[in-house]
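J.: what shape does this take:
(one chain, ligands or ions: 2)
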Amino acid sequence: AVLRGVPRDLAGRRVVVSAGGTREAIDPVRFIGNRSSGLQGYSLARTAVARGAEVTVIAANVALPDPAGAKVVRVESTAELREAVLSASDGADAVVMAAAVADFRPVARSDSKIKKTSGEPEPIHLAENPDILAELGARRAAEGQGPSVIVGFAAETDNVLANGRDKLARKGCDLLVVNQVGEGLAFGRPDNAATILSADGASAYVPLGPKDDLSDAVWSLVSARL
Ligand code: CTP
Ligand code: CA
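T.: Residues are numbered from 1 along each chain as shown. Ligands and ions are numbered 1, 2, ... in the order given. Coordinates of the predicted model:
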């Protein structure tokens with residue numbers, strides 16, 4: 001069925017989209033974070049709603065109006081994102097990890113604001129965060145159940161396609177959307193260009209255009225795998 005030219009190919013499907021970027025607190029006023037506006041994630045949510053899906057967005061520090069028709073769960077840190085994504089993914093048909101996840105968090109969080117002192121500043125010791133996408137893939141492989149389609153996003157500055165292929169295999173996802181970042185590309189902009197790599201070896205280039213075009217290309221590939 002088609003509604004105003006939009007395919008309703010996700011009708012009856014439950015999808016989860018993570019959006020934005022996680023923040024890891026250093027002290028009450030500072031954090032380690034990622035440059036991600038949440039535009040691509042919210043675009044994925046809106047376009048999935050338009051195609052008939054029941055959509056849960058896990059929003060990490062997104063300062064945008066809620067995507068109409070989607071359930072929005074707000075999180076700040078990677079630990080919170082992980083809990084929310086894993087819980088929403090239970091019984092979901094597809095999970096798209098568009099969020100930029102902080103790879104590291106400070107080992108210790110100061111309860112009071114760190115003050116300037118004379119001399120050398122104290123180093124911030126970091127610990128590695130769990131990899132949510134890899135965990136989704138590994139759980140599905142181990143348990144033989146889970147979302148039918150798992151999609152990752154990767155922003156790369158160099159060796160974009162080779163790094164993307166590597167990441168797709170490493171994380172056990174079905175599709176990986178890889179785009180080149182740097183020099184004013186992608187972040188906070190309304191348009192995006194990307195290559196969507198499939199686990200079966202196929203790849204689809206989506207030329208520079210509105211983020212909704214990239215979202216629709218992702219959902220078409222997801223829908224074909226459901
Ligand atoms: N991701 C995740 N959990 C993490 C890090 C990343 O779920 N701790 C997900 C992102 O949401 C994205 C994909 O993995 O969908 C790729 O993220 P990226 O940062 O490119 O991958 P990394 O494995 O962290 O590699 P890099 O060293 O390039 O940062
Ligand atoms: Ca990373």
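J.: need the pLDDT of the residue of the chain positioned farthest from its centre.
T.: When each C-alpha in the chain is compared with the mean C-alpha position (Cα atoms, centre = their mean), residue 118 comes out farthest, at 40.5 Å. Among the per-residue scores, residue 118 shows a pLDDT of 75.
J.: now swap in residue 7 and tell me
T.: At residue 7, pLDDT is 87.
J.: I figured it hits residue 50, correct?
T.: No - counting by Cβ atoms under 8 Å, residue 7 stays clear of residue 50, with 9.1 Å between them. (Each C-beta comes from the backbone N, C-alpha and C, glycine too.)
J.: ok, which stretches of the protein are helices?
T.: Applying DSSP state H to the chain gives helices spanning 39-50, 78-89, 132-143, 160-171, 211-225.
J.: list the contacts of the residue nearest the centre of the chain.
T.: Of all residues in the chain, the one closest to the mean position by Cα atoms, centre = their mean is residue 98, 1.8 Å from it. For residue 98, the contact set (Cβ atoms under 8 Å, 6 or more residues apart in numbering) comprises 17, 18, 19, 40, 41, 44, 153, 177.
J.: in PyMOL, how would I select the buried members of the residues you listed?
T.: Applied in PyMOL, the following selects the buried portion of the contacts of residue 98 according to 16 or more other Cβ atoms under 10 Å:
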select buried, resi 17+18+19+40+41+44+153+177
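J.: got the contacts of residue 98 as CSV, with pLDDT and distance to ligand 1 columns?
T.: Output for the contacts of residue 98, formatted as CSV (pLDDT from 0 to 100; distance: Cβ to the nearest ligand atom, whole Å):
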residue, pLDDT, distance to ligand 1
17, 98, 11
18, 98, 6
19, 98, 10
40, 95, 11
41, 97, 10
44, 98, 12
153, 97, 4
177, 97, 8
